[in-house]
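> Next one to model:
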Amino acid sequence: MKSPPDEVYAAVRDTDPDALDADELDAYVRRVAELRAWCDARQVRATRRQRALAAEGQAAEPRSSLSNHGRQSGKEAAAADEREAVCTAMPAFEDALGDGTVSAGHVDAIATATKGLSDEEQAEFRDAADDLLADAERQGVDAFARSCRELARGIRARHNARADVDELEQQRKQSKVTRWVDRQTGMHKTLIECDPVTDRQIWSAVQSARGRLRRRDQQTGGGRTSWDRLTVDAMVEAVAHAGATGRSGLVVHIDVDSLMGGRHDRTLCETDSGVPVPVDTARRIACEAGVIPVVLDGGGVVLDEGRARRLATPEQRIAIEAMQATCSHPDCTVSIDECHIHHLDPWSPVGRTDLDNLAPLCDTHHHLVHEGGWTFTMTASRVGTWVRPDGTPYWSGSLNDRRTVRRSA
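Predicted coordinates for the structure are as follows:
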């Protein structure tokens, strides 16, 4: 049973965050989240009432009220308006929001995932409300948003076999490059808007160039280059040496049944960074590409390992990407292509460059392990454990966030 809102409010109001230790802060943050969720649920009801009054000609539309009186930006007002529509269609989520067991971000993830679905497709999505609520209560917003996108994509594919392909083609048509100079800083800026397949082709080339530059710096003993500067240099390198050898092109993770026979209810088809790719597109690419089979066991752990070296080989990185799409820290969503491949047992003096000793870490969490006093360990089955500098266990669980089983809608 959740505490009543007045008790939660009193606990938040009467607690001084500056006097709390880490565990007490976690509890305090949870109380703040409960209170915020309760307020968001009340706003849902207010928005619904505003909509009813507007239909009778007695008030402005909800977005206007949310913007003018709710002190929200236009974007925030639009999200709150859509949130009410989701709660009306799926009342269990409104109840859970009022109880603080889900957040407004969970509800907003549903609104985002269902945009563009037909009425029939929306109804099929709502039929999965119980399963979705169970997911929302145990998942963070980012993971839940991914579940919603997968469910919506599967529903759309059943109603229109070409839906994913049509979406990709529309994104291709809308792709563009915009260049300008910031008048205040003098910095030259380039904005590339493109479809996910093109984006992965670009960043695979950049990632390959970044790896070559890092290895060159290590071999020559050059000074440590910041990650941002290294990425810029890699972009230039990739453009200037488009034909250079090394890992480049597009990496797509697809299960063998989808590759051979097309989409099914448990299809996995996504780039190495977790962006979905239409199965038909992946099958077309496979006709002209080198196919590298990566064998995983029932727990999603790669069974085939590369040879040991000082740095992870391109083949080992592909194997790791088959298991993980993000940094190994449980609270981090940084894409794996922005991560270092970290040796859990340091290579010097006795660490090995084997898969069971390698895991991706972003800059921030790589620093926490090396200079921040945190401890990060991993078993051969890729169960990771994070321990705080004071010796308190922080988290333990599977690092394999690239799921090989998809929801059957």
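
> Contact partners for the nearest residue to residue 110 once chain neighbours are set aside?
With Cβ to Cβ, 6 or more residues apart in numbering as the criterion, residue 110 has its nearest non-adjacent residue at 5.0 Å, and that residue is residue 86. C-beta coordinates here come from the backbone N, C-alpha and C atoms, glycine included. Applying Cβ atoms under 8 Å, 6 or more residues apart in numbering, we find residue 86 in contact with 93, 107-108, 110-111, 114.

> at 6 Å instead, please
Shown in contact with residue 86 (Cβ atoms under 6 Å, 6 or more residues apart in numbering): 107, 110-111.

> Considering those, which possesses the most neighbours?
Among these, residue 107 has the most neighbours (other Cβ atoms under 10 Å), with 29 neighbours.

> Pull the contacting residues for that one.
Residue 107 makes contacts with 83, 86, 93, as judged by Cβ under 6 Å, 6+ apart.

> any idea how far it lies from residue 94?
8 Å (Cβ to Cβ, to the nearest Å).

> Could I get the full set of strands for this protein?
Counting by DSSP state E, one finds strands in the chain at the ranges 176-181, 188-193, 252-254, 269-271, 340-343, 358-361, 375-378, 383-387, 393-398.

> out of these, deepest packed?
strand 358-361 (a mean of 24; mean count of other Cβ atoms under 10 Å).

> Show the secondary-structure elements that it is packed against.
Contacts defined by 3 or more Cβ pairs under 6 Å, 6 or more residues apart in numbering; DSSP states H and E place strand 358-361 against strand 340-343.

> Each with direction, which strands does the strand it packs on pair with?
Strand 340-343 has its sheet partners listed here by DSSP bridges as strand 358-361 (antiparallel).

> what separates residue 251 from residue 236, distance-wise?
22 Å.

> The residue nearest to residue 110 and residue 112, how far apart?
From residue 86 to residue 112 the distance is 10 Å (Cβ to Cβ).

> next one: residue 394
30 Å.

> Read off the pLDDT value for the residue nearest to residue 110.
The model reports residue 86 with a pLDDT of 96.

> now residue 299
Residue 299 is assigned 60 on the pLDDT scale.

> So for residue 251 and residue 236, which residue has more residues nearby?
residue 251 (21 against 12).

> Mind pulling up the pLDDT for the spatially closest residue to that one that is not a sequence neighbour?
Nearest non-adjacent residue to residue 251, counting by Cβ to Cβ, 6+ apart: residue 272, 4.3 Å away. Residue 272 is assigned a pLDDT of 73 by the prediction.

> can you check the one 5 residues further on too?
At residue 277, the predicted lDDT confidence score is 83.

> Equivalent analysis for residue 348, please.
55.

> if I pick residue 48, what's in contact with it?
By Cβ under 6 Å, 6+ apart, the neighbours of residue 48 are residue 84.

> go with 10 Å
62, 84-85, 87-88, 94 (Cβ atoms under 10 Å, 6 or more residues apart in numbering).

> Please indicate which of the residues you listed are buried?
For those, a burial check counting by 16 or more other Cβ atoms under 10 Å picks out 62, 84-85, 87, 94.

> I'd like these as a markdown table, with distance to residue 359 appended.
Listed next are the buried ones among the contacts of residue 48 as a markdown table, based on distance: Cβ to Cβ, whole Å:
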| residue | distance to residue 359 |
| --- | --- |
| 62 | 46 |
| 84 | 42 |
| 85 | 41 |
| 87 | 39 |
| 94 | 40 |
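
> before we move on, back to that, quick check: neighbours shared by residue 107 and residue 94?
40-41, 44, 83-84, 86-87.

> which one among those residues gets closest to residue 56?
Nearest to residue 56, judged by Cβ to Cβ, of the shared contacts of residue 107 and residue 94 is residue 84 at 17.0 Å.

> quick one: buried residues of the longest helix that the chain contains?
Longest helix in the chain by number of residues (criterion: DSSP state H): helix 22-55. For helix 22-55, burial by neighbour count (16+ other Cβ under 10 Å) applies to 28, 31, 34-38, 40-41, 43-44, 46-48, 50-51, 54.

> coming back round to it: got a markdown table for the shared contacts of residue 107 and residue 94, with distance to residue 367 too?
Conversion of the shared contacts of residue 107 and residue 94 to a markdown table gives the following (distance: Cβ to Cβ, whole Å):
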| residue | distance to residue 367 |
| --- | --- |
| 40 | 35 |
| 41 | 39 |
| 44 | 40 |
| 83 | 37 |
| 84 | 42 |
| 86 | 39 |
| 87 | 41 |
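
> for the stretch 101-250 of the chain, what spans make up the helices?
104-114, 119-126, 129-138, 141-159, 163-174, 196-220, 227-240 (DSSP state H, counting those that start in this stretch).

> May I have the first one as PDB, with CA atoms only?
These are the backbone C-alpha positions of helix 104-114, laid out as PDB (Å, rounded to 0.1, in the frame of the first residue of the first chain):
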ATOM      1  CA  ALA A 104       4.800  10.500 -16.600                       C
ATOM      2  CA  GLY A 105       7.700   9.400 -18.700                       C
ATOM      3  CA  HIS A 106       6.300   5.900 -18.900                       C
ATOM      4  CA  VAL A 107       2.900   7.300 -20.100                       C
ATOM      5  CA  ASP A 108       4.600   9.600 -22.600                       C
ATOM      6  CA  ALA A 109       6.500   6.600 -24.000                       C
ATOM      7  CA  ILE A 110       3.200   5.100 -25.000                       C
ATOM      8  CA  ALA A 111       2.100   8.300 -26.600                       C
ATOM      9  CA  THR A 112       5.300   8.500 -28.600                       C
ATOM     10  CA  ALA A 113       5.200   4.800 -29.700                       C
ATOM     11  CA  THR A 114       1.600   4.900 -30.800                       C
END
